[in-house]
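J.: Pasting the sequence and the predicted coordinates here, then a few questions.
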Amino acid sequence: MQYHSVDYPIIFFKTQEYHGSAVVLAHKLLQNRIKRFLAPIYSLPFSTSLSFPSPRSFPTPAARFSPLFSPPVILHFSLTMRTSIHLQTSPPHLLSPPLASPSLNQDSQKLLCAQHAASLVKPSTILGLGTGSTASLFLEQLSDLLSAGSLHSIVGVPTSLKTDALAKTLNIPLTDLGSHPVLDLSVDGADEVDQELNLVKGRGGSLLREKMVEGASREFVVIVDETKLVPRLGATGPIPVEVVPFGWDYTIMKLKELFKGEIGFDAKLRTVWDAKEGKEVPFKTDNDNYIVNLLFEKGISGDLRLISDEILRITGVIEHGIFIGMATSVIVAKKDGKIEILNKK
Ligand SMILES: O=C[C@H](O)[C@H](O)[C@H](O)COP(=O)(O)O
């Protein structure tokens, strides 16, 4: 058998359910979700060419597509039409040797942990829906499970306007915190995770609603790729603080006073480019507040609870992005395609 001509990046993956996984893969391609996997991943054997005219008609839930299954083989596929994918593979003896250890890019790692988290959601869960690129992948997985009928009766509480809009697009039923003051589970990404599972969140600007929803959850599962694991919070970027717009420069002065003497410390108002105005303007949160970024040269040091209290005591501060002791577990997706689960002690 000849290799099929490949006019799209080859995807490698391992699977037990060849047919189902191919369906999911095709589905995902057409959903434009797997295009980011340029250093792809897994593979499967097929003896025939298959054509999938309508991705939404695929019954197989995404959760069945697991890159951790075996055996490894290679899938060749080509896009012949916008809405049709032909899949064909060579017999195993003609295949290139499988990758000994796949190297997943960050997007693939995000998808991996999102898939894992979605597979943990049980029917009838009151679910906190996080914000950010990883949480969005989780929402997509959830939606696939719901539309395939593998999951039902869940209701979500969104942690941002963006998530609210995405969940509506994906037909995920929504509720609010007032109607469900105790949630079963929240799933969200994070910017940083330290060894005690403390987090930095809010670099995307959504920390306040996240902290409210996730703080009201019996279980809070964090989904991250391995780049998010840090020895110290604040080591890879700013710690965001949500402040009232009134007197924001006064609040910055107070924050600077608090961290006086901290080498390399700075506090800066977060801004965004406003094309209409032709200048940088303050970034506004979903709650119409501003964000001040706390920058630490080597990460934040000292007693986190004490520091948290001191930040919150500044009049003008509404909330900060340090989430102390809130995560019950962290699902870490690694470059080598493995998942590590870190549980709160
Ligand atoms: O404001 C943003 C949220 O706290 C996100 O959960 C966090 O920034 C992680 O986002 P991502 O999954 O896109 O890295």
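T.: Good, I have the coordinates.

J.: ok, now which ones touch the spatially most central residue of the chain?
T.: Centroid-nearest residue in the chain: residue 134, 1.0 Å away (criterion: CA atoms, centre = their mean). With contact set as CB atoms under 8 Å, 6 or more residues apart in numbering, residue 134 has these partners: 110, 113-114, 188-189, 223-225. To be clear about C-beta, it is placed using only N, CA and C from the backbone, and glycine gets the same treatment.

J.: what does residue 121 give?
T.: Residues in contact with residue 121 (CB under 8 Å, 6+ apart) are 127, 142, 145, 151, 154, 185, 187.

J.: Looking at these, which are in helices?
T.: 142, 145 (DSSP state H).

J.: can you list the contacts of residue 121 in a markdown table and add neighbour count?
T.: Shown next, in a markdown table, are those (neighbours: other CB atoms under 10 Å):
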| residue | neighbour count |
| --- | --- |
| 127 | 29 |
| 142 | 26 |
| 145 | 22 |
| 151 | 22 |
| 154 | 20 |
| 185 | 20 |
| 187 | 30 |
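
J.: tell me which strands and helices the strand or helix carrying residue 224 is in contact with?
T.: Per DSSP states H and E: residue 224 is located in strand 217-225. Judged by 3 or more CB pairs under 8 Å, 6 or more residues apart in numbering; DSSP states H and E, strand 217-225 is in contact with helix 106-120, helix 133-148, strand 183-188, strand 329-333.

J.: Now do the longest one against strand 329-333, angle only.
T.: In this structure, helix 133-148 runs at an angle of 90 degrees to strand 329-333, with axes from the mean of the first three to the mean of the last three CA atoms, to 10 degrees as the basis.

J.: can you tell if the first helix or strand past helix 133-148 going along the chain touches the ligand?
T.: Next along the chain after helix 133-148, taking DSSP H and E as the criterion, comes strand 155-158. No - using CB under 6 Å from any ligand atom, strand 155-158 never reaches the ligand; the gap is at least 12.4 Å.

J.: And stretch 212-226, by the same measure?
T.: No - Stretch 212-226 lies apart from the ligand when judged by CB under 6 Å from any ligand atom; the minimum separation is 7.3 Å.

J.: measure that stretch end to end?
T.: By CA to CA, to the nearest Å, the extent of stretch 212-226 from end to end equals 26 Å.

J.: Now that stretch: average pLDDT?
T.: Mean pLDDT, computed over stretch 212-226, is 98.

J.: ditto for stretch 314-325
T.: Rounded mean pLDDT across stretch 314-325 is 98.

J.: Next: stretch 192-206.
T.: For stretch 192-206, mean pLDDT is 97.

J.: What residues sit buried inside that stretch?
T.: Across stretch 192-206, burial judged by 16 or more other CB atoms under 10 Å covers 192-194, 197-206.

J.: so of those, which ones are in helices?
T.: Going by DSSP H, the helices hold none of the buried residues of stretch 192-206.

J.: farthest pair in those residues?
T.: The distance between the two most remote of these (CB to CB) is 22.5 Å, for 197 and 205.

J.: neighbouring strands for whatever helix or strand comes next after the strand holding residue 224, and are they parallel or not?
T.: The helix or strand immediately downstream of strand 217-225 is strand 239-243, counting by DSSP H and E. Counting by DSSP bridges, the strands paired with strand 239-243 are strand 290-295 (antiparallel), strand 317-320 (antiparallel).

J.: Select, out of these, the one closest to the ligand.
T.: The ligand lies closest, by CB to the nearest ligand atom, to one member of those: strand 290-295, at 9.4 Å.

J.: measure stretch 239-255 end to end?
T.: 12 Å.

J.: what comes up buried for it?
T.: So stretch 239-255, judged by 16+ other CB under 10 Å, has buried residues 239-243, 248, 251-252, 254-255.

J.: chain center to that stretch, what's the gap?
T.: 28 Å (CA atoms, centre = their mean, to the nearest Å).
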